[in-house]
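Colleague: For reference, the sequence and a predicted model appear below.
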Protein chains: 2
Amino acid sequence: MYTISEIAKLLGITAHTLRYYEKEQIIAPIRNANGERAYDDSNLTWLRFVMRLKQTQMPISQIREYAQLYLEGEHTAQARLNLLEDHRNSVQSQIKNLTATEKVLEDKIAAYKNLITEDKELKTR
Amino acid sequence: MYTISEIAKLLGITAHTLRYYEKEQIIAPIRNANGERAYDDSNLTWLRFVMRLKQTQMPISQIREYAQLYLEGEHTAQARLNLLEDHRNSVQSQIKNLTATEKVLEDKIAAYKNLITEDKELKTR
DNA sequence: AATTGACTTAGAGTAAACTCTAACCCGTAT
DNA sequence: ATACGGGTTAGAGTTTACTCTAAGTCAATT
């Protein structure tokens, strides 16, 4: 079992943010005798996946939807599969977009390096 | 020359957003005799690049910084190069992250498909 | 016994990026 | 002539995702 600040540290986020995710119904850790949140390993695994989804631009609302479907049981498996496939498609199109942009940036960077080198030569002559 | 709504249509954004970008000093089109914004081809090219930067998570503040440096003249070339290199690094790490997530999603998708297929078999037997 | 540090809650505040409204102007078609 | 379909401005409002504050509880240390 982990405290909220241990989980926060492991995920690189703040305890505030973890409480916010709970309010948004993305995670529901149990409470200890003191009324404090106690996260287990399955919570940690789920939150690590949540971080992946977030870092790849899935909105909180969709993450919540996926989490809710999971709680509703196995009959929501097809709906969860659909969400995952939609997000995979989004991830793939982001990769395409980023790869194209990387090329554009490399070209511009090369052009700037050229420009700067020429300037230096002119100045030193 | 293009009107604001023509540019909006070409970029897939609204005229409101284009005015917002102007307020944020990302673009400064000339005005026609009627006081209306008139965008030329160089404006369009720049805005297309801006869209790329935005879609790859560069914040408006940094896009503005790059635009401002351009206006300040050639002595800012090194600073602009630095910005471009920083963003290329960001793009590359986003690609890595997305590629790793794509694999995780493919695995989960395969697992869900398996689960759903097994369910169907059990139900029909 | 009092302080410290970590936790709790409800709810207010913030930053980013739009998004919209109100009131107005201007050229063209009816 | 007037209505329509654009454009203009300043500024208010919205959404998302946090981020922080205030007031309080609790266990352990000084």
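Modeller: Alright, I've got the coordinates.
Colleague: quick one: the strands in chain A?
Modeller: A:30-31, A:37-38 (DSSP state E).
Colleague: tell me the most buried of these?
Modeller: strand A:37-38 (a mean of 18; mean count of other C-beta atoms under 10 Å in any protein chain shown). Bear in mind the C-beta positions are built from the backbone N, C-alpha and C, glycine included.
Colleague: Which strands or helices does that one pack on?
Modeller: On a contact count with 3 or more C-beta pairs under 8 Å, 6 or more residues apart in numbering or on different chains; DSSP states H and E, strand A:37-38 meets strand A:30-31.
Colleague: what helices or strands is the strand it packs on leaning on?
Modeller: Secondary-structure packing of strand A:30-31 (3+ C-beta pairs under 8 Å, 6+ apart): strand A:37-38.
Colleague: is the strand it packs on anywhere near DNA strand D?
Modeller: No - Strand A:37-38 does not reach DNA strand D (C-beta under 7 Å from any atom of the strand); its nearest approach is 12.4 Å.
Colleague: and chain A, which of its residues are near chain B?
Modeller: A:49, A:52-53, A:55-56, A:74, A:77-78, A:80-81, A:84-85, A:87-88, A:91-92, A:94-95, A:97-102, A:104-106, A:108-109, A:112-113, A:115-116, A:119 (C-beta under 8 Å from any C-beta of the partner chain).
Colleague: still on that earlier bit, same list (the strands of chain A) but as a markdown table, adding mean pLDDT.
Modeller: Output for the strands of chain A, formatted as a markdown table (pLDDT from 0 to 100):
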| stretch | mean pLDDT |
| --- | --- |
| strand A:30-31 | 98 |
| strand A:37-38 | 98 |
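Colleague: Which positions in stretch A:104-121 come out as buried?
Modeller: A:104-105, A:108-109, A:112 (16 or more other C-beta atoms under 10 Å in any protein chain shown).
Colleague: Compute the inter-axis angle for the helix or strand bottoming out on mean pLDDT in chain A and helix B:77-124.
Modeller: Ranked by mean pLDDT, DSSP states H and E, the weakest helix or strand in chain A is helix A:77-124, scoring a mean of 94. Interaxial angle of helix A:77-124 relative to helix B:77-124 (axes from the mean of the first three to the mean of the last three C-alpha atoms, to 10 degrees): 170 degrees.
Colleague: got the contact list for A:Leu18?
Modeller: A:4, A:7-8, A:11, A:27, A:37, A:47 (C-beta atoms under 8 Å, 6 or more residues apart in numbering or on different chains).
Colleague: again, only this time at 6 Å
Modeller: By C-beta atoms under 6 Å, 6 or more residues apart in numbering or on different chains, the contact list for A:Leu18 reads A:4, A:8.
Colleague: how near is A:Arg88 to DNA strand D?
Modeller: A:Arg88 sits 18 Å away from DNA strand D, going by C-beta to the nearest atom of the strand, to the nearest Å.
Colleague: Without its sequence neighbours, what residue ends up closest to that residue?
Modeller: Using C-beta to C-beta, 6 or more residues apart in numbering or on different chains and skipping the chain neighbours, the partner closest in space to A:Arg88 is B:Leu105 (4.3 Å).
Colleague: same thing with A:Ala28?
Modeller: Nearest-residue entry for A:Ala28: A:Glu22, 6.5 Å, with adjacent residues in sequence omitted and distances by C-beta to C-beta, 6+ apart.
Colleague: what's the pLDDT at that neighbour?
Modeller: The per-residue pLDDT reported for A:Glu22 equals 98.
Colleague: Thanks a lot, see you next time.
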